[in-house]
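Student: Quick one: sequence and predicted model below, then my questions.
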Amino acid sequence: LTRHDGIEVAILGRVSSGKSSLVNALLECELLPTGAIPVTAVVTRIRHGDALQIEGWDAEGRVSTIAPDELAQCIVEGGSQSSRMREVAITVPARILASGLTFTDTPGLGSLHASASAHALNYLPRCDLGMVAIDASATLSTLDTDLLRALQQAKAQRMVLLTKSDAVTAQALAQQREYVERVLSDAL
């Protein structure tokens with residue numbers, strides 16, 4: 001795959017932390033499949049284009065065009081084609097991407113499928129900014145701090161986002177934010 005000029009923004013985090021939902025919200029469309037169970041199994045890069053176009057690369061580097069209604073089967077854990085895919089690239093006419101941003105939805109860390117987590121970690125040297133999604137109702141884990149350290153070692157900028165904040169009270173969100181800031185500041 002070729003790297004495009006612009007800024008590579010990787011959306012990273014644990015399984016079911018809301019990464020794909022975050023990407024959909026940023027794109028202002030329901031492009032990626034979402035769910036309560038682990039979903040994304042393949043690194044999925046999304047950049048600006050005049051029309052929706054989806055391509056996939058298999059383990060041997062062969063490229064194929066993917067129909068929009070087949071996307072879930074190519075990137076979802078347990079999808080009929082996800083085990084064959086190494087990476088998926090999508091172009092979409094989303095306003096936020098027009099300035100040269102590329103969003104990359106990565107497999108969640110902590111998945112039962114170790115290869116999915118490895119794909120996410122292997123992507124780190126390619127990103128300029130790592131947005132780490134942490135479920136606001138979950139406890140901060142060593143996976144979160146290890147991921148932020150790996151981004152630091154890859155010399156990528158880092159941003160932590162508390163996702164699913166609508167599922168907790170304002171007081172709990174404030175406490176979680178303070179806790180995450182303190183712990184990550186000490187750890188990093």
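Tutor: Received the coordinates, thanks.

Student: contacts, neighbours, all on C-alpha from now
Tutor: Fine.

Student: partner residues bridging the nearest residue to Arg84 once chain neighbours are set aside?
Tutor: Residue nearest to Arg84 in three dimensions, not counting chain neighbours: Asp58, with 5.5 Å by Cα to Cα, 6 or more residues apart in numbering. Per DSSP bridges, the residues bridged to Asp58 are Met85.

Student: Hmm, Leu162 and Ala133 touching each other?
Tutor: Yes. Here Ala133 reaches Leu162: they are 6.0 Å apart, a contact under Cα atoms under 8 Å.

Student: contacting residues around the nearest residue to Thr163 once chain neighbours are set aside?
Tutor: For Thr163, ignoring the flanking residues on the chain, the nearest one in space by Cα to Cα, 6+ apart is Asp135 at 4.9 Å. Asp135 is in contact with Ser17, Gly18, Leu162, Thr163, Lys164, Ser165, counting by Cα atoms under 8 Å, 6 or more residues apart in numbering.

Student: Those residues in strands, which ones?
Tutor: The strands, defined by DSSP state E, take in Leu162, Thr163 from these.

Student: How many residues are close by the spatially closest residue to Leu97 that is not a sequence neighbour?
Tutor: Leaving aside its sequence neighbours, Leu97 sits nearest to His48 (Cα to Cα, 6+ apart; 5.0 Å). Residues within reach of His48, counting by other Cα atoms under 10 Å, total 20.

Student: What of the one 5 residues further on?
Tutor: Other residues within reach of Gln53 by the criterion other Cα under 10 Å amount to 16.

Student: Hmm, Gln53 and Ser64 touching each other?
Tutor: No. Using Cα under 8 Å, Ser64 makes no contact with Gln53, being 11.1 Å away.

Student: if we can go back for a sec, looking at Ala133 and Leu162, which one has more neighbours?
Tutor: The residue with more neighbours, out of Ala133 and Leu162, is Ala133; 24 against 18, by other Cα under 10 Å.
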